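Undergrad: quick one: sequence and predicted model below, then my questions.
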Amino acid sequence: MKKLIYMAGAALVMLASASCEKKETVKEAQSSVEKVDMVFTATSDNGGLKTTIVDNTKAVWSSTDNLKVFTAEDQTGSVCNYKSGAGTNTAEFAGQCAKKGPWTAICPAIEGSTYSAGTITFTMPETQTYAANTFADGAMPCVAYSETNTFNFKHSFGVLKLSLKLMEGKTGSVQSITVTDNGGKQLWGTFTVNPQTSAAATYSTGGTSSVTLNCTSVALSTSTATDFWIVVPAGAFASGFDVTVTSTDDIEITLSTTKANTIKAGEVNKMPVQTIEFVVPTTGEAEITGGTKVKWVQLWENGPKWAVYNVGATAATGTDSYGGYYCWGGSYKNGNGIAWQDDHNKGTGSLTGDTDTATKLWGSNWQMATKADYEALLANCDVTWKSATSEYGVAGRLYTGKGDYSGNSVFFPTAGYCDSYGVFNAGSIGYYWSSTPNGSGSAYRLGFDSDNHKVFGNSRGYGYSVRAVLAE
């Protein structure tokens with residue numbers, strides 16, 4: 001059932017009826033098997049279906065539950081829909097079924113489930129759907145075998161229940177939760193079960209050791225934990241598991257345990273409440289054209305994510321690498337292999353797309369820094385001058401974030417500049433183009449030496465270095 005109905009008084013919660021999710025009345029397919037109207041009584045095995053999901057309550061049957069009933073003659077199965085007993089531990093289900101038993105049943109009537117030689121085969125989904133205070137629709141199968149018209153259902157799967165809340169003062173919503181079994185046990189795919197011998201489901205094919213709960217957007221609270229129910233096969237997590245929680249902002253948090261938390265069929269394994277915070281990463285990496293990844297660093301809150309070396313460089317160390325590319329909107333290499341910008345009479349608009357050097361050479365993940373980016377760099381960072389004998393192997397300025405970002409730095413080398421006559425001021429001055437024009441034939445750039453740094457306009461005819469930022 002999608003919605004659990006609770007009765008106070010019992011010390012444990014019965015999940016047999018809870019496993020039967022809400023379904024619309026299902027019409028059985030046409031069959032050549034002779035069928036008659038039948039009524040089945042459905043109950044549960046109290047000894048095998050204990051759980052502790054809610055104190056002093058127990059789950060009961062719902063009027064929207066249904067069964068799929070098989071026999072040796074009727075291997076495609078017949079659907080029996082609810083008749084009576086909602087709100088109790090015993091319910092009746094009616095439908096046209098093969099008259100001759102014995103009968104084997106699965107609840108809910110999972111679409112595509114089949115039967116052969118006493119064994120039911122059914123498919124569990126890779127992605128389950130979040131439901132408040134319960135498990136996903138159709139995700140908790142139970143089975144039964146009977147030589148009469150009374151079924152005593154037993155669960156084949158169990159539940160991992162995660163409880164999450166936010167750190168004080170934080171906000172965030174959950175988009176999805178992915179659980180991975182550390183022992184490699186398959187958590188979804190095709191399973192088989194023979195209710196005559198055991199209710200335990202055996203993995204057959206088509207799955208992996210990870211299953212995802214799709215939450216779309218479930219807001220977390222700082223005061224009360226939100227529960228997330230994930231249905232998994234019995235026996236899962238004997239070697240522990242990893243949980244990846246993804247926020248609606250695509251921020252991931254991974255929770256891990258190597259302890260055994262083995263799931264029992266029909267039971268809910270409730271984990272301790274976890275208090276989390278969706279921390280926006282301040283470092284990372286992104287691909288450039290050709291598949292190579294370049295690291296990026298953020299130096300202040302909501303600031304741009306700076307590439308750690310210049311466009312055109314092949315590594316983050318060495319004079320040639322740091323000053324490996326000079327251009328504004330395009331490049332030209334003279335006979336000495338020096339790259340410079342000779343198309344300095346472009347229009348007055350900002351560079352975008354293929355006219356942005358960083359985008360053109362590194363791909364759509366990247367773009368040139370703007371005038372505002374450089375101005376904010378000077379305003380928000382501590383600045384240290386580095387000599388040619390420093391760990392960087394070339395003189396330049398190191399820009400370091402403050403406060404929470406004090407561990408992040410970006411180095412800008414003094415690569416100088418070039419024109420058609422050669423390279424000048426390498427090792428003493430750094431020049432970096434922005435994508436922001438300053439009238440016709442001019443653009444803004446960052447310039448610095450050991451004493452000063454500032455942002456101002458200059459002719460586009462010069463070849464200055466280009467530092468990219470991550471495109472957002």
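TA: Cool, got the structure.
Undergrad: Gly457 - nearest residue in space that isn't next to it in sequence?
TA: Among residues not flanking Gly457 along the chain, Asn438 sits closest, at 3.3 Å (Cβ to Cβ, 6 or more residues apart in numbering). C-beta coordinates here come from the backbone N, C-alpha and C atoms, glycine included.
Undergrad: neighbours of the one you found, just the number please.
TA: Residues near Asn438, counting by other Cβ atoms under 10 Å, number 17.
Undergrad: remind me which residues of the chain are low pLDDT?
TA: Applying pLDDT under 70 to the chain picks out residues 1-31, 45-59, 314-355, 420.
Undergrad: relative to its centre, which residue of it is most distant?
TA: Tyr421 (52.5 Å; Cα atoms, centre = their mean).
Undergrad: strands of the stretch 151-300 of the chain, start to end?
TA: 157-166, 173-181, 189-194, 198-205, 210-219, 226-233, 241-247, 252-257, 268-270, 274-276, 283-287, 293-298 (DSSP state E, counting those that start in this stretch).
Undergrad: just to revisit the earlier point, if I look at the residue nearest to Gly457, how far off is Phe412?
TA: For Asn438, the distance to Phe412 equals 20 Å [Cβ to Cβ, to the nearest Å].
Undergrad: what of Arg397?
TA: Distance from Arg397 to Phe412, by Cβ to Cβ: 5 Å.
Undergrad: need the overlap of contacts for these two.
TA: Gly430, Phe448 (Cβ atoms under 8 Å, 6 or more residues apart in numbering).
Undergrad: quick one: which of those two has more around it?
TA: Phe412 (26 against 22).
Undergrad: how about residues contacting the host helix or strand of the more buried one?
TA: Per DSSP states H and E: Phe412 is located in strand 409-413. Contacts with strand 409-413, where a contact means Cβ under 8 Å, 6+ apart, come from 297, 299, 306, 308, 310, 319, 322-323, 386, 392, 394-401, 430, 432, 446, 448, 465, 467.
Undergrad: what of stretch 374-392?
TA: 299-300, 303-304, 317, 322, 369, 394-402, 411, 413, 427, 432, 434, 444-446, 450, 453-455.
Undergrad: follow-up on the earlier one: each with direction, which strands does the strand holding Phe412 pair with?
TA: strand 396-400 (antiparallel) (DSSP bridges).
Undergrad: what residues sit buried inside the partner strand?
TA: Gly396, Arg397, Leu398, Tyr399, Thr400 (16 or more other Cβ atoms under 10 Å).
Undergrad: could you single out the nearest of those residues to Cys80?
TA: Thr400 (70.0 Å; Cβ to Cβ).
Undergrad: what's the helix or strand just after the strand holding Phe412 packed up against?
TA: Using DSSP H and E, the next helix or strand after strand 409-413 towards the C-terminus is strand 417-419. In terms of contacts (3 or more Cβ pairs under 8 Å, 6 or more residues apart in numbering; DSSP states H and E), strand 417-419 is packed against strand 339-340, strand 422-424.
Undergrad: hmm, back to that, from the buried residues of strand 396-400, pick the one nearest Thr104.
TA: Distances from Thr104 to the buried residues of strand 396-400, taken by Cβ to Cβ, are shortest for Thr400, at 68.9 Å.
Undergrad: returning to what we had before: so how far is Val466 from the residue farthest from the centre of the chain?
TA: Counting by Cβ to Cβ, the gap from Tyr421 to Val466 is 20 Å.
Undergrad: just Gly184 next, same as before
TA: From Gly184 to Val466 the distance is 47 Å (Cβ to Cβ).
Undergrad: also Val280?
TA: 26 Å.
Undergrad: you'd agree Tyr432 is up against Arg467?
TA: Yes - Tyr432 lies in contact with Arg467 (Cβ atoms under 8 Å); the separation is 5.3 Å.
Undergrad: between those two, which one's more packed in?
TA: Ranked by neighbour count (other Cβ under 10 Å), Tyr432 and Arg467 place Arg467 first, with 26 against 23.
Undergrad: mind listing what that one touches?
TA: Trp306, Ala307, Asn310, Val311, Met368, Ala369, Phe412, Tyr432.
Undergrad: mind redoing it with 7 Å?
TA: Trp306, Ala307, Asn310, Ala369, Phe412, Tyr432 (Cβ atoms under 7 Å, 6 or more residues apart in numbering).
Undergrad: same question for Ser113.
TA: Going by Cβ under 7 Å, 6+ apart, the list of residues near Ser113 reads Lys68, Gly77, Ile106, Ile120, Thr121, Phe122.
Undergrad: which of those residues sits closest to Arg460?
TA: Nearest member of these to Arg460, counting by Cβ to Cβ, is Phe122, at 66.9 Å.
Undergrad: name the SS class of the closest one, please.
TA: Three-state assignment for Phe122 (DSSP: H, G, I helix; E, B strand; the rest coil): strand.
Undergrad: ok, back up a step: surely the residue nearest to Gly457 touches Ser459?
TA: No - counting by Cβ atoms under 7 Å, Asn438 sits too far from Ser459 to count as a contact (9.6 Å).
Undergrad: give the bridge partners for Thr254, please.
TA: Applying DSSP bridges, one finds that Thr254 bridges with Thr244.
Undergrad: give me the neighbour count for it.
TA: Neighbour tally, Thr254, other Cβ under 10 Å: 10.
Undergrad: in contact with it, which residues?
TA: Asp242, Val243, Thr244.
Undergrad: next one: Asn214
TA: Thr127, Gln128, Thr129, Tyr130, Ser176 are the contacts of Asn214 under Cβ under 7 Å, 6+ apart.
Undergrad: which helix or which strand is home to Leu361?
TA: helix 357-362.
Undergrad: centre of the chain versus the helix or strand just after that helix, how much separation?
TA: For helix 357-362, the following helix or strand on the C-terminal side (DSSP H and E) is strand 366-368. Chain-centre distance of strand 366-368: 26 Å, with Cα atoms, centre = their mean, to the nearest Å.
Undergrad: sheet-wise, list the partners of strand 366-368 with their directions.
TA: strand 468-470 (antiparallel).
Undergrad: follow-up on the earlier one: filter the contacts of strand 409-413 down to the buried ones.
TA: Of these, these count as buried by 16+ other Cβ under 10 Å: 297, 299, 306, 308, 310, 319, 322-323, 386, 392, 394-401, 430, 432, 446, 448, 465, 467.
Undergrad: Three-state assignment for Asp74, please.
TA: Asp74 - assigned by three-state DSSP - is coil.
Undergrad: host element of Cys97?
TA: strand 91-98.
Undergrad: which residues touch that strand?
TA: Here strand 91-98 makes contact (Cβ under 7 Å, 6+ apart) with 28, 33, 35-42, 61, 65-67, 69, 71, 73-74, 78-85.
Undergrad: burial count for the residue lying closest to Phe228 once chain neighbours are set aside?
TA: Distances taken as Cβ to Cβ, 6+ apart put Leu162 closest to Phe228, at 4.5 Å, once the chain neighbours are dropped. Other residues lying near Leu162 total 23 when counted by other Cβ under 10 Å.
Undergrad: same check, this time on Asp227
TA: 17.
Undergrad: who touches the closest residue to it other than its chain neighbours in this structure?
TA: In this structure, Asp227 finds its nearest non-sequential neighbour in Ser163, 5.3 Å apart by Cβ to Cβ, 6+ apart. Applying Cβ under 7 Å, 6+ apart to Ser163 gives the contacts Ala225, Asp227, Met271, Val273, Gln274.
Undergrad: spatially central residue for the protein, please.
TA: Thr246 (4.5 Å).
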